[in-house]
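>>> Have a look at this fold, sequence not included:
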């Protein structure tokens with residue numbers, strides 16, 4: 001540890017730290033444009049100048065200066081003030097005076113630091129530089145005349161996102177930041193460069209000229225468009241959600257957010273269900289809540305409980321699934337399931353279906369085996385964490401399944417169960433990598449678990465973990481990467497059929513005469529037989545609503561307080577930013593109302609009572625999150641994985657995986673830009 005003095009404050013920081021980090025530890029603010037704690041040091045902007053005693057008498061860029069024991073630093077001397085004013089004056093020489101029309105206005109680092117550290121006048125009278133505005137695709141709007149060449153966007157796409165598409169060309173005043181050839185950015189994390197840009201050169205194209213930050217009502221919540229559970233902030237004005245931004249949580253998403261989660265916000269106001277509907281004579285007509293409940297009650301009372309089933313969709317919150325489970329228990333039916341994707345594996349222990357290493361724990365691993373997963377599409381922020389560990393070195397990665405374009409190098413071991421068996425019997429060279437690793441980990445994807453062999457693949461993956469030192473008191477290397485935000489919460493609730501009850505496949509095949517779909521919008525619901533009475537409860541007019549006989553309008557995740565459990569088992573709370581449209585209601589309230597209508601009222605009347613009941617019945621929702629130890633080596637039930645099945649990821653493309661993103665024009669534009677064949681097929 002090095003001890004140094006900053007403006008009279010003595011501070012102790014680890015050796016190898018920079019002066020700007022020591023200043024932050026001392027609580028001293030240092031202005032900066034190019035420096036970012038999660039990116040490499042560039043030293044471009046020179047705004048972070050400080051004066052250091054016993055060094056040459058000139059200002060020093062604190063971002064690139066290592067600390068030394070006994071160092072004395074001054075951050076507000078006359079030399080430092082003059083240096084910062086000069087730097088700011090040079091930065092503003094070519095910067096256009098378009099703050100009134102810039103979307104960055106009101107939350108711009110350049111504005112703030114020009115006021116705090118710049119001059120009160122300008123001495124520049126000549127014309128300003130003009131730069132062409134390149135097209136980087138449907139998400140990021142460029143106004144490169146404002147660019148100050150901090151290179152944050154270049155460093156992010158290269159280092160964090162792993163897609164080296166941006167760079168600086170030419171020199172001096174002719175320097176330009178952009179793609180080397182005219183093309184759309186292909187990274188699933190490209191929206192983060194908007195947050196990183198300190199001057200408004202990069203802004204959100206869908207959000208352009210929409211609102212000012214002081215007009216927005218800000219609500220902390222949780223993203224549900226993948227299973228990572230990224231922490232987000234929802235910005236709304238009136239009854240409309242206008243944008244979604246990431247919140248910092250080093251244990252989950254650091255400060256990054258996937259493009260689908262950020263930009264599909266326009267899908268929240270399109271194809272919405274805002275009133276109940278009933279199908280009569282083959283056509284849906286608007287109805288009142290009373291009419292919808294009466295139609296459901298008449299059909300339910302005429303149907304045996306053994307012929308009724310319920311399916312929970314990928315975006316459902318825990319409260320809604322608990323209410324649906326309780327509602328069907330009151331009706332006498334045990335036909336409930338959450339596995340619309342057809343996955344089939346042992347869920348008798350929580351460790352069997354969690355990302356046990358934890359997201360942050362990836363940085364402690366020294367070897368990785370990916371089975372039947374494409375983390376870049378299923379959880380791009382988690383994929384960035386894998387890349388971060390890979391860049392640190394000493395981290396070999398093997399992959400079994402379809403070859404994917406990931407952002408790190410890996411060894412392709414095979415495409416199906418035979419590669420797992422080769423590792424188990426030691427005939428593949430990668431078995432030695434796992435054997436010699438101190439903290440190896442395996443990531444099992446949902447694509448490997450879909451279908452009849454899912455249980456066997458699950459058991460074989462656990463056997464791999466047990467055989468290769470992944471289950472120890474200090475380390476749990478078995479990880480299941482879900483892609484549905486509701487899945488872990490549903491499994492924690494036991495939203496599964498008991499022995500002898502109907503599973504999702506049977507219900508969708510017509511074994512149930514009455515089928516309740518709680519946001520279940522997967523393509524599989526289109527194949528429900530015509531004689532099945534379908535009740536769809538959800539917020540978008542997608543596949544489930546198109547097949548329904550009765551539609552009950554629910555609330556989207558931005559319109560309700562809800563509990564979600566991410567893929568690592570972390571219980572998190574989302575909060576309502578706006579109210580549901582029209583007659584739509586929170587899903588648990590709908591189920592509470594229909595249960596009372598049918599004479600089996602659920603034992604809670606408000607959200608507080610529901611959550612008390614939830615914690616009393618399922619203790620995991622009241623416990624503090626912790627990493628599991630891998631001491632229990634007893635594996636899941638399942639036949640040995642055999643055959644030549646190819647593990648294929650379940651998501652055909654990253655941008656349209658749920659009802660919200662499928663309703664988003666912005667996501668449709670991304671599909672057209674990156675998956676033209678899929679866009680043509682949709683037309």
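Nice, I can see it. Note that this is a predicted model, so its numbers are computed, not measured. Numbers count the residues shown, from 1 in each chain.

>>> Every contact and neighbour count from this point should use C-alpha atoms.
Will do.

>>> From residue 77, how far out is residue 101?
36 Å (CA to CA, to the nearest Å).

>>> which one of these two has more residues nearby?
Between residue 101 and residue 77, counting by other CA atoms under 10 Å, residue 77 is the more crowded of the two (14 against 10).

>>> Report the contact partners of the more buried one.
residue 51 (CA atoms under 8 Å, 6 or more residues apart in numbering).

>>> what bridges to residue 396?
residue 367 (DSSP bridges).

>>> swap that for residue 450, sorry
With DSSP bridges as the rule, residue 450 is bridged to residue 343.

>>> Number of residues surrounding it?
23.

>>> which residues of this protein score low on pLDDT?
639-644, 677-683 (pLDDT under 70).

>>> make it 50
The model of the chain has no residue with pLDDT under 50.

>>> and the closest residue to residue 208 other than its chain neighbours, what does it touch?
Leaving aside its chain neighbours, residue 208 sits nearest to residue 103 (6.5 Å; criterion: CA to CA, 6 or more residues apart in numbering). Residue 103 sits next to 200, 203, 208, 209, 211, 212 when contact means CA under 8 Å, 6+ apart.

>>> show me the contacts for residue 603.
residue 610.

>>> Confirm it sits in a strand?
No: per DSSP: H, G, I helix; E, B strand; the rest coil, residue 603 lies outside any strand segment and is coil.

>>> Got the phi and psi for it?
Note on residue 603: backbone dihedrals following degrees, to the nearest 10 are phi -80, psi 40.

>>> Could you measure from it over to residue 349?
In terms of CA to CA, residue 603 sits 28 Å off from residue 349.

>>> Tell me where the stretch 501-650 of the chain has helices.
504-506, 543-547, 587-597, 607-617 (DSSP state H, counting those that start in this stretch).

>>> Tell me the buried residues in the third one?
Within helix 587-597, the residues that count as buried by 16 or more other CA atoms under 10 Å are 587, 588, 589, 590, 591, 592, 593, 594, 595.

>>> if we can go back for a sec, from the contacts of residue 103, which ones fall inside helices?
Among the contacts of residue 103, no member is found in helices (DSSP state H).

>>> Can I get the buried part of these as one PyMOL selection?
Buried residues among the contacts of residue 103 (16+ other CA under 10 Å), as a PyMOL selection:
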select buried, resi 200+203
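
>>> ok, which pair from the contacts of residue 103 is furthest apart?
200 and 211 (14.6 Å; CA to CA).

>>> what's the host helix or strand of residue 382 packed up against?
Using DSSP states H and E, the element containing residue 382 is helix 380-392. Other helices and strands packing on helix 380-392, by 3 or more CA pairs under 8 Å, 6 or more residues apart in numbering; DSSP states H and E, are helix 375-378.

>>> Tell me which residues are up against the helix it packs on.
188, 226, 382, 383, 384, 406, 407, 482, 483, 651, 653, 654.

>>> Wait, the first one touches residue 379, no?
No: contact between residue 188 and residue 379 fails when scored by CA atoms under 8 Å: they sit 9.5 Å apart.

>>> coming back round to it: now render the contacts of residue 103 as JSON lines, adding distance to residue 295.
Below are the contacts of residue 103 laid out as JSON lines (distance: CA to CA, whole Å):
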{"residue": "200", "distance to residue 295": "54"}
{"residue": "203", "distance to residue 295": "49"}
{"residue": "208", "distance to residue 295": "45"}
{"residue": "209", "distance to residue 295": "46"}
{"residue": "211", "distance to residue 295": "44"}
{"residue": "212", "distance to residue 295": "46"}
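
>>> and which of the contacts of residue 103 is nearest to residue 294?
For the contacts of residue 103, the nearest to residue 294 is residue 211 (43.7 Å; CA to CA).

>>> Relative to residue 104, how far out is the closest one?
10 Å.

>>> Next, the contact list for residue 547, please.
525, 526, 528, 534.

>>> Could you give the number of residues near residue 111?
Neighbours of residue 111 using other CA under 10 Å come to 16.

>>> secondary structure class for it?
Quick answer, by three-state DSSP: residue 111 is helix.

>>> Check the gap between it and residue 200 for me.
10 Å.

>>> Find the residues that touch each one of these two.
residue 105.

>>> Isn't residue 20 up against residue 32?
No: taking CA under 8 Å as the definition, residue 20 is not a contact partner of residue 32, at 9.4 Å.

>>> And the helices in the stretch 101-250 of the chain?
109-117, 152-155, 192-196.

>>> between these, which gets nearest to residue 505?
helix 192-196 (39.2 Å).

>>> Show me how far the closest one is from its chain's centre.
The chain centroid and the centroid of helix 192-196 are separated by 16 Å under CA atoms, centre = their mean, to the nearest Å.

>>> just stretch 102-116 next, same as before
28 Å.

>>> circling back: which other residues reach the helix holding residue 382?
So helix 380-392 is in contact with 159-162, 188-189, 228, 253, 256-258, 359-360, 362-363, 365, 375-376, 395-396, 407-408, going by CA under 8 Å, 6+ apart.

>>> Next step: these restricted to strands.
residue 396 (DSSP state E).

>>> Give me the neighbour count for the nearest residue to residue 88 once chain neighbours are set aside.
Spatial nearest neighbour of residue 88, excluding adjacent residues (CA to CA, 6+ apart): residue 118 at 5.5 Å. Using other CA under 10 Å, the number of residues around residue 118 comes to 22.

>>> Let me know whether residue 118 touches residue 80 as I believe.
No: using CA under 8 Å, residue 118 makes no contact with residue 80, being 11.7 Å away.

>>> follow-up on the earlier one: need the contacts of residue 547 in CSV with distance to residue 239 and neighbour count, can you?
As requested, the contacts of residue 547 are arranged in CSV below (distance: CA to CA, whole Å; neighbours: other CA atoms under 10 Å):
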residue, distance to residue 239, neighbour count
525, 31, 21
526, 32, 15
528, 35, 20
534, 30, 26
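
>>> could I get those residues as JSON lines with distance to residue 331?
Shown next, in JSON lines, are the contacts of residue 547 (distance: CA to CA, whole Å):
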{"residue": "525", "distance to residue 331": "23"}
{"residue": "526", "distance to residue 331": "26"}
{"residue": "528", "distance to residue 331": "22"}
{"residue": "534", "distance to residue 331": "16"}
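
>>> Spatially, which two of those are the most separated?
Counting by CA to CA, the most remote pair of those is 526 and 534, 11.1 Å apart.

>>> Beta-bridge partners for the nearest residue to residue 68 once chain neighbours are set aside, please?
Excluding the flanking residues, the one nearest residue 68 by CA to CA, 6+ apart is residue 2, at 6.0 Å. On the basis of DSSP bridges, residue 2 is bridged to residue 13.

>>> mind listing what residue 2 touches?
12, 13, 14, 15, 67, 68, 69, 70.

>>> Mind checking what secondary structure the nearest residue to the last one once chain neighbours are set aside has?
The spatially closest residue to residue 70, leaving aside those adjacent along the chain, is residue 4, at 4.9 Å (CA to CA, 6+ apart). Under three-state DSSP, residue 4 falls in the strand class.
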